[in-house]
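Trainee: Quick one, structure for this:
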Amino acid sequence: MCGRFALTASPEEVRELLGLLELEPFPARYNIAPTQPILIAVAAPPREPGSNRPDKIAVLARWGLIPSWVKDPGDFTLIINARSETANEKASFRAAMRHRRILVPASGFYEWHRPPKGSDEKLQAYWIRPKSGGIVCFGGLMETYMSKDGSEIDTGCILTTAANRTIGTIHDRMPVVIPSEDFSRWLDCRAGEPRDVADLLVPAQEDLFEMIPVSDLVNKVANVGPELQTRVERAPRPVTQAKPESDDQMSLF
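Mentor: Here you go, the predicted structure:
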């Protein structure tokens, strides 16, 4: 699951990665949370023959997808993530998988390691970023919701997949990362059906990310500064004294 992420790169860096003609200035964001606006890239309208206009445009959407068939968003569970393995089968995502695939640029994301029940360990937050720095783009889906008064709002969610071995040490899911060479193929919903991009819905390469333990400041949406990504020393795991086995009890190990 991806419940928080960050985009701290400059607008110029994002514009260059996505191949956009222009991009409105925006501030660094260290703690992007559900229901907040997120920057996304979508396929541009069809180009005229011979045009050199980019095939992508950037728009803002609310993080939390609302399917078009929802009558009252207040009664609908907020969808910030969608399982890529079943997105093409679920009513909430099927149309978006076919017609409205998006890219979500990010400098990295946050994940929490939840200790086993009964453990004395505390919940530990991690800042997960590309080892070499820079930006990645998550695969996502978009729906435009029309309210009763006729107003429209673009909404989106991030696709997830099984975690690779690196991320799997703290969580069993991770965002789908779309390689830059596949941006256009992922966004091309006119020619490419979901089965044509299924090969992209896989865990990221093992050496892509590094995990940095951080403080619990990220838990609060009000905290939005760079200190959220400062490495902290993890407390050593408590050592529990094993109980001696009785003579009449078999060991499981």
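Trainee: Contact partners for the nearest residue to Leu187 once chain neighbours are set aside?
Mentor: Excluding its sequence neighbours, the residue lying closest to Leu187 (C-beta to C-beta, 6 or more residues apart in numbering) is Ala43, at 4.2 Å. All C-beta spots, glycine's among them, are computed from the backbone N, C-alpha and C. Residues in contact with Ala43 (C-beta atoms under 8 Å, 6 or more residues apart in numbering) are 55-57, 187-190.
Trainee: nearest to Pro116, of those?
Mentor: Nearest to Pro116 among the contacts of Ala43 is Leu187, at 40.6 Å by C-beta to C-beta.
Trainee: Next, give phi and psi for the closest one.
Mentor: phi -80, psi -20 (degrees, to the nearest 10).
Trainee: can you pull up the bridge partners for Ile40?
Mentor: Val59 (DSSP bridges).
Trainee: In this structure it contacts Ile158, no?
Mentor: No. Assessed by C-beta atoms under 8 Å, Ile40 is found out of contact with Ile158, at 9.9 Å.
Trainee: So which residues of this structure form strands?
Mentor: 4-7, 29-32, 37-43, 56-63, 81-83, 101-106, 108-113, 124-130, 136-146, 152-162, 173-175, 209-214 (DSSP state E).
Trainee: Distance to Gly225 and mean pLDDT for those - can I get that in CSV?
Mentor: CSV is the format used below for the strands of the chain (distance: least, C-beta to C-beta, whole Å; pLDDT from 0 to 100):
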stretch, distance to Gly225, mean pLDDT
strand 4-7, 11, 98
strand 29-32, 6, 98
strand 37-43, 19, 97
strand 56-63, 20, 96
strand 81-83, 25, 97
strand 101-106, 18, 98
strand 108-113, 14, 97
strand 124-130, 13, 98
strand 136-146, 22, 95
strand 152-162, 23, 96
strand 173-175, 23, 98
strand 209-214, 12, 97
